[in-house]
Structures are given as C-alpha cells and as structure tokens.
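K.L.:
Sequence and predicted model, in that order:
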Amino acid sequence: MASVSATVSIHRTFSPPFQPGWRAPLPLRCTHSERGVSFDPGSAFYRSDSAPGRDLAVLAATLHRQRRLDPSSPFLCLDVMCGSGIRALRYLAQAGADFVWANDASDALRPVVVGNLSRFELAPSDGQRRWVVSHLDASRLLAERYLRREYFDVIDVDSFGSEAEYIRAAFLSLKIGGLAYLTSTDWRSARGYGGKCSLSSYGAYIRPVPYPNEIGLRMLIGGAAREAAMLGFHIKPVFSYYASHGPIYRAMVQLCHGKEDDISNYYGFICHCKSCGQTQTFGFDELGQISCGCADRADATSITVVGPLWTGPLHDASSITKMLNLAVEWEWAYTSENGIILQKLLDTMIEESDPRLPPGYIRLDEIASRAKVNSPPFGTLINSLRKEGYAACRSHIGANAIKTNCPISSCIEIAREIRNMR
C-alpha cells in the first residue's frame, strides 16, 4: 500500500501547512509528569486520570516498533487530537518514534504543544525532522495524508463523543499491520439511551443491558471491524480499556491485510434475558431464531438484543503478556499511576482474553439476589467455577463482576453451595 520511500519522505522533506497566527513556544513550566516525562499542559484539556490509557498506548507502540517486518524503516506516529501534546511527547520519548505528527484543531494551543515537543530538536544534524505540529480539522488532516500516500505505523485518535467518522479516515492513512488507537466517550449510546446515535455512528442498535460499559467497548471495536471490512481489511484488537472517569472507551486495534473469510465469527448480536439473567450471542444466520431457553419463554419483552457489534475477545493475550513483561522491565508494573497498578490491570486483561469467555459480565450482587444468599467471596466463587471446568475471571470493567462461560443457573447453584460450606 505504501512504499518505503513514500513513508520516509514524511519526516525528511515534509513542510507543514501554513499556520495563521503563529505563536512562539512558551517557556516550559513542567508542572506535570507522567512516567518520568515532564510537560506543561498549559490551557489544554488534560486529565491525569487518563495516564494509564497512555501507558498502555506507549507499551503497545513500543512492542509494535520492535517486531515490524522492516525495523530499519522510520517509525511514524500521528496524534490526531493532541491537546497539550503529551501523547506525542511520550511516543517520542518512550516508544522510540522516529517522527511524530502532533495535530490539534485549536491553533491557540500551538505554543503549548511546540514548547513540550521542543525538547526534541526539530531537525537534528541528519536533516530528518523529529516532529511537526499542525492545526487542521481531523478529517482534512487524515484525508490529506491518504491522498499524499503518507502512511503511519501508529495513529492515535483521542476523539470526544461518538465521532466514528474518523475511524475509516484513520485506517486509510495507516500502514497495513499498523495500530490505530481509538476512543469514544459516548456513554449514552453504550447504556442504550442513544440507539439512533449508535446506529448512525457504529452501525449498532444498543438497548439497556446490565453490562453497558463492556457494550461500549464492543460497540467501538465492532464499528472499527465494519469500517475495515468495507475497505477490504480486517482488524485484530490488541487491547481494549474502559476507564470510569469519563467514562472513556479505548481500543487499540491492528489493521490486517485482506477481509476475514467470515466476519460474522466475531461480529454479531448479543442477547440478554431479563427473566433468568442469561447472556447469549447470535450470528446473522440466526436472526429470527433468537430466544432464551428459560421457563419464561412466553414473555418476548424479557429478551433484549443489541448489535451488531464485536463478540470476540477484547484483547490479544500474547500482546498483553508482552506488554506486561515490558512494563516490568521499565519498572512501571508495580507502581500506582492515578490509582491504577498496571500489573493488576494487565493480569486481568490476560485472563479476559480467554476465547471461551462470552460477552458480558455478571455482578456478584445479581448472583446473590437470584440465589437469595449473601454475595460469595470473589476468589472463592472464581475458584469454584474453575473447579467445575468453567472459564472464570474478574472483569477490569466492572469492579464487582466476573466473566464466565458458566450458565447463570449454575452460578446460582454454586453460590448456594458456597453458602452452605461456610
């Protein structure tokens, strides 16, 4: 799709577009720091709570740089909505990017972004630019990169709301095998309050279910899978991450060559029964046959169907394991960053990657309520489920929830057995 010479030309000869109202960089105050990288957020919107999401992005980008087919080619990153420039700065300082393009629609932020990136010489002695700052509309920026055949290894789109129109544009500007870091803050659609919005943005009709924040991730990944398929590609989720402070839904996906033989393997519908609490998945070829096997079959209103969206694993276990190993090597794993310990988060993601686990999670208080017992201890319930041969683990999305392929009726029986043993 992109030749080596086409990509190299970006950081050798690129001249940024004319920027009205040029402002000189301000002296750095370095009032904030993330993993040893100091920066000044200035007047830009900045949330320290989002630092773990940036940690994950840097770890994934670093591993991607190390395992490229052509490690001698320049490693190029594009931060489409950079704000203060902290993401772009960390890609340069920590992920080993050879060149970073930092863009934000607001030219008022130029002094802040340039000031933060200026610690890296703009054009070193070899004449190859390390970074560029622009202030273009995101759609225009990505379209121009595609038209000029300028492709990137990592494209970071930290968008607000449900601005899914950037997904296809990002894929068009991404190298095959490259990583796209996608973001959504559309909690209303994830919770089923904006069905028309989710349908127009992600091609999925969402209704309220007990695990809305996982639906938010699957809605985002499903939208990406749909866009990739329309372009003749397919995607593989590297990781997906839910952060409650927004709430924010993030997914790092890899763009892979060629369409999947059957996209419906991981792209379909999720059905939840309010009567018994069971969750199931259905493919397109099963439409018209969606039902629940519980006793309350006569009440059609007890069935809630959402989709189509991503129904496969939320993460790639191999990639997450390598990210954890790198976090240990960098001494990031066991330190708390805004209340998040990466080792615990990544360990949970590894367990969530089990392909036997279906979409959704079950809250312990729901199990306890249906079993008419006190909530069983987390560890005891998970161990009991595993002894029965089921897959079971904590959910990084729900603090008081488990993911398991055990039918909820069996979960209730096991919870009662635990009560009787105590």
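P.N.:
Done, it's in.
K.L.:
List the contacts of the residue nearest to residue 279 when sequence neighbours are not counted.
P.N.:
Nearest residue to residue 279, sequence neighbours excluded (CB to CB, 6 or more residues apart in numbering): residue 360, at 4.2 Å. Heads up, the C-betas are built off the backbone N, CA and C, glycines and all. The contact partners of residue 360, by CB atoms under 8 Å, 6 or more residues apart in numbering, come to 209-211, 214, 270, 272, 279, 403.
K.L.:
Just the element for the residue nearest the centre of the chain, please.
P.N.:
Note on the chain: the residue nearest the mean C-alpha position is residue 251, at 1.3 Å, using CA atoms, centre = their mean. Taking DSSP states H and E as the criterion, residue 251 maps to strand 248-257.
K.L.:
and that strand, what does it pack onto?
P.N.:
Applying 3 or more CB pairs under 8 Å, 6 or more residues apart in numbering; DSSP states H and E, we find strand 248-257 packed against helix 51-66, strand 174-184, helix 212-230, strand 233-243.
K.L.:
what's the angle from that strand to strand 174-184?
P.N.:
Interaxial angle, strand 248-257 versus strand 174-184 (axes from the mean of the first three to the mean of the last three CA atoms, to 10 degrees): 160 degrees.
K.L.:
Relative to strand 248-257, what are the paired strands and their orientations?
P.N.:
Partner strands for strand 248-257, per DSSP bridges, with pairing direction: strand 174-184 (antiparallel), strand 233-243 (antiparallel).
K.L.:
Now the element after that strand, going C-ward?
P.N.:
strand 267-273.
K.L.:
Report the angle between that next one and strand 233-243.
P.N.:
40 degrees.
K.L.:
Neighbouring strands of strand 267-273 in the sheet, and parallel or not?
P.N.:
With DSSP bridges as the test, strand 267-273 is paired with strand 279-282 (antiparallel), strand 303-310 (antiparallel).
K.L.:
so which of those gets nearest residue 412?
P.N.:
Judged by CB to CB, the one of these that comes nearest to residue 412 is strand 279-282, at 14.5 Å.
K.L.:
Could the C-alpha coordinates of the closest one be exported in PDB?
P.N.:
This file holds the C-alpha atoms of strand 279-282, laid out as PDB (Å, rounded to 0.1, in the frame of the first residue of the first chain):
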ATOM      1  CA  THR A 279     -26.500 -13.800  28.000                       C
ATOM      2  CA  GLN A 280     -26.000 -15.400  24.600                       C
ATOM      3  CA  THR A 281     -24.600 -14.400  21.200                       C
ATOM      4  CA  PHE A 282     -26.300 -14.900  17.900                       C
END
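K.L.:
that older thread, now the strands paired with strand 267-273 as JSON lines including mean pLDDT, mean neighbour count and distance to residue 324?
P.N.:
Converted to JSON lines, the strands paired with strand 267-273 look like this (pLDDT from 0 to 100; neighbours: other CB atoms under 10 Å; distance: least, CB to CB, whole Å):
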{"stretch": "strand 279-282", "mean pLDDT": "94", "mean neighbour count": "19", "distance to residue 324": "28"}
{"stretch": "strand 303-310", "mean pLDDT": "94", "mean neighbour count": "22", "distance to residue 324": "23"}
